[in-house]
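Trainee: have a look at this prediction, sequence included:
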Amino acid sequence: MRFAAMTMLDYLSRLRNCVSPKTGRVFGESTVFNYFLKTMVFLNDRCIAKYVAKEDWVLKKDWPINVDKRNKNKKYATYLEEEVAAMLQVADGSEEALIRFLLETGFRIGENAVAEWLDVDWEDKTISVRFKPKFGSRPKDYEERSIVVNLIATLTQTPGVWGYSSHFGLPRTQAKGSPRAISAKGTPPARRSPR
């Protein structure tokens, strides 16, 4: 059997028009990409690619779009140094502590949501990101890490202001509550009225 670009492009066209037996709908672009990629890897693994002339092989520009990869490379807006400085100028003590905590640790939102005082090593001046099964939280790439910070003095001056929690005592990512400070024990303080 001779594999040519037309054969593979026909296969790609059939994939795009194929109806899923489970849903009864046409495959999405992500599914089309996965099936196409598996087929290309199979052909390459079986050394079929070396028997195909370059002009007969499917060019990358003709491949389906990897929707999942496109979403992973999404760029997120960040604050400029001037904007951060302006926020720090108008912030009160607890707001300043929270901003500095986020800036210096680089914690992700989920990591900040489950931060506890137990994570702070006062002697080494580090804050750890650890597995927290009770919150269903894990560090990125499943690796615990410690971050050296210069704001230990700020944390001791403003206890209970550097994390978010819901009124259920769960991380904000698990329960839709208003953002509030975490107390020194890692639990939310008494319920307050919103500002």
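Mentor: Here it is on my side, so go on.
Trainee: pass me the low-pLDDT residue ranges in this structure, would you?
Mentor: Along the chain, segments meeting pLDDT under 70 span 1-6, 46-76, 141, 151-195.
Trainee: ok, which stretches of it are helices?
Mentor: All helices of the chain, identified by DSSP state H, fall at 5-17, 29-45, 67-72, 81-90, 93-105, 109-113, 152-157.
Trainee: who touches the closest residue in space to residue 106 that isn't next to it in sequence in this structure?
Mentor: Among residues not flanking residue 106 along the chain, residue 147 sits closest, at 6.9 Å (Cβ to Cβ, 6 or more residues apart in numbering). Quick note: C-beta positions are derived from backbone N, CA and C, even for glycine. Going by Cβ atoms under 8 Å, 6 or more residues apart in numbering, residue 147 touches 104, 105, 106, 107, 126, 127, 128, 129.
Trainee: just put the residues you listed in CSV and tack on distance to residue 30 and neighbour count.
Mentor: CSV is the format used below for the contacts of residue 147 (distance: Cβ to Cβ, whole Å; neighbours: other Cβ atoms under 10 Å):
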residue, distance to residue 30, neighbour count
104, 38, 15
105, 34, 20
106, 30, 10
107, 30, 20
126, 40, 16
127, 37, 24
128, 36, 16
129, 31, 24
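Trainee: in strands, which of these fall?
Mentor: Secondary structure defined by DSSP state E assigns 126, 127, 128, 129 of these to strands.
Trainee: hmm, the second one is touching residue 116, no?
Mentor: Read that as residue 127. No - counting by Cβ atoms under 8 Å, residue 127 stays clear of residue 116, with 10.0 Å between them.
Trainee: hmm, back to that, what's the closest of the contacts of residue 147 to residue 35?
Mentor: residue 129 (37.3 Å; Cβ to Cβ).
Trainee: mind checking how far the closest one is from residue 107?
Mentor: 7 Å (Cβ to Cβ, to the nearest Å).
Trainee: ok, now residue 100?
Mentor: 12 Å.
Trainee: neighbours of residue 119, just the number please.
Mentor: Counted by other Cβ atoms under 10 Å, the residues lying close to residue 119 total 20.
Trainee: that one: what's it in contact with?
Mentor: By Cβ under 8 Å, 6+ apart, the contact set of residue 119 is 127, 128, 129, 130.
Trainee: redo that, cut-off 10 Å
Mentor: 105, 107, 111, 126-130, 132, 146-147, 163, 186 (Cβ atoms under 10 Å, 6 or more residues apart in numbering).
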